[in-house]
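> sequence and predicted structure, then a few things I'm wondering about:
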Amino acid sequence: MRQPLLFRLFLRFSLFLCKYTFMQNIIIAIDGHSSCGKSSTAKGAAAHLGYTYIDTGAMYRAVTFYFLEKHISLSNDKEVAQALDEINIEFRTDSKGKSHTYLNGKSVENEIRKLYIANKVSEVSALAAVRHEMVAQQRKMGKKKGIVMDGRDIGSVVFPEAELKIFMTADPLIRAQRRQAELMEKGDLMSFEDVLENLKKRDHIDSTRSESPLVQVADAQIIDTSYMTLDEQIDMVCIMADQVMAHKLDKN
Ligand code: DC
């Protein structure tokens with residue numbers, strides 16, 4: 001039996017809408033070294049595209065904060081597993097649109113950015129049990145697509161099927177300058193040498209650990225931010241995303 005014209009038109013329009021909406025939802029995976037602007041760029045690109053931004057570094061920092069608070073011994077598998085069971089991490093957006101990291105219902109956004117966390121986080125994030133738990137949570141968060149997720153293993157482990165993979169890097173000296181300025185803003189006064197040392201140490205641990213080390217996957221597009229402004233970085237990611245989406249629409 002033939003359906004009324006209005007119903008058929010409605011159905012067609014709904015299908016078109018579904019298809020269009022679906023096509024627009026891609027996963028953007030941004031990996032790279034510490035302090036090269038990944039988070040700010042990912043945040044800006046997500047806002048521009050109307051996507052959700054997920055800061056996976058904040059998740060590892062929140063775990064580190066919890067482990068330090070509870071004096072968890074990193075070499076005690078049982079303690080680590082139990083602590084991971086007790087941890088619930090969420091991101092909540094405030095009235096100004098800023099995302100905050102919550103650990104078991106309490107904001108830890110400021111605390112997790114401090115240097116004592118930065119000094120310990122690479123060690124904690126190198127633990128297999130920690131990574132397995134975080135990766136499982138990150139996959140859940142990205143199920144519906146329409147996300148920009150930044151970290152170290154997003155394109156390689158968390159979402160190897162991501163439609164757009166970006167690897168960001170920058171000169172270590174410039175990264176250390178940026179980090180020092182960031183820390184200073186938060187009241188952490190550190191010498192340039194100490195900040196540079198911390199960055200180099202983290203780069204080394206992040207890239208040489210046996211569990212999902214930081215790697216530049218073959219299908220990632222590289223952005224060197226050494227001499228780029230934040231706006232330029234965001235524009236570049238959005239242009240790349242537009243290209244991927246246009247290509248997907250073309251194919252359909
Ligand atoms: O991006 P960030 O500096 O906030 O990350 C903090 C630490 O967490 C960093 O030293 C490496 C680790 N990390 C990781 O191992 N895997 C991720 N996906 C994100 C961060």
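In hand now; what should we look at?

> nearest residue to residue 80 other than its sequence neighbours?
Closest residue to residue 80 apart from its sequence neighbours, by C-beta to C-beta, 6 or more residues apart in numbering: residue 129 at 5.3 Å. In short, each C-beta sits where N, CA and C put it, glycine included.

> other SSEs contacting the helix or strand hosting the one you found?
Assigned by DSSP states H and E, residue 129 belongs to helix 128-141. Applying 3 or more C-beta pairs under 8 Å, 6 or more residues apart in numbering; DSSP states H and E, one finds that helix 128-141 makes contact with strand 52-55, helix 56-69, helix 77-85, helix 115-125, strand 147-151.

> run the chain-centre distance for the longest one.
So the one you mean is helix 56-69. Distance of helix 56-69 from its chain centroid, counting by C-alpha atoms, centre = their mean, to the nearest Å, is 14 Å.

> buried residues in the longest helix seen in the chain, which are they?
In the chain, taking DSSP state H as the definition, the longest helix is helix 230-251. By 16 or more other C-beta atoms under 10 Å, the buried positions in helix 230-251 come out as 233, 234, 235, 236, 237, 238, 240, 241, 244, 245.

> report the central residue of the protein.
For the chain, the residue nearest the mean C-alpha position is residue 150 (2.2 Å; C-alpha atoms, centre = their mean).

> check contacts around it.
Residue 150 makes contact with 29-32, 38-39, 41-42, 53-57 under the criterion C-beta atoms under 8 Å, 6 or more residues apart in numbering.

> can you rerun that using 10 Å?
By C-beta atoms under 10 Å, 6 or more residues apart in numbering, the contact list for residue 150 reads 28-32, 37-43, 45-46, 53-58, 166, 168.

> those: which ones sit near the ligand?
Residues of the contacts of residue 150 in contact with the ligand (C-beta under 6 Å from any ligand atom): 56, 57.

> so which of the contacts of residue 150 sit within helices?
Under the assignment DSSP H, the contacts of residue 150 contribute 38, 39, 40, 41, 42, 43, 45, 46, 56, 57, 58 to helices.

> neighbours around the residue nearest to residue 80, how many?
Residue 129 has 14 neighbours, counted by other C-beta atoms under 10 Å.

> next one: residue 10
Look at residue 10: counted by other C-beta under 10 Å, it has 12 neighbours.

> that one belongs to a helix?
Yes: counting by DSSP: H, G, I helix; E, B strand; the rest coil, residue 10 falls inside a helix.

> CA atoms only: put stretch 103-114 into PDB for me.
Included here for stretch 103-114 are C-alpha records, laid out as PDB according to Å, rounded to 0.1, in the frame of the first residue of the first chain:
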ATOM      1  CA  LEU A 103      37.100  12.800  40.500                       C
ATOM      2  CA  ASN A 104      34.400  11.000  42.400                       C
ATOM      3  CA  GLY A 105      32.100  14.000  42.200                       C
ATOM      4  CA  LYS A 106      34.700  16.600  43.200                       C
ATOM      5  CA  SER A 107      36.500  19.100  40.900                       C
ATOM      6  CA  VAL A 108      40.200  18.400  40.700                       C
ATOM      7  CA  GLU A 109      40.800  20.600  37.700                       C
ATOM      8  CA  ASN A 110      43.300  23.000  39.400                       C
ATOM      9  CA  GLU A 111      45.100  20.400  41.500                       C
ATOM     10  CA  ILE A 112      45.900  18.000  38.600                       C
ATOM     11  CA  ARG A 113      47.700  20.800  36.700                       C
ATOM     12  CA  LYS A 114      50.300  21.200  39.400                       C
END
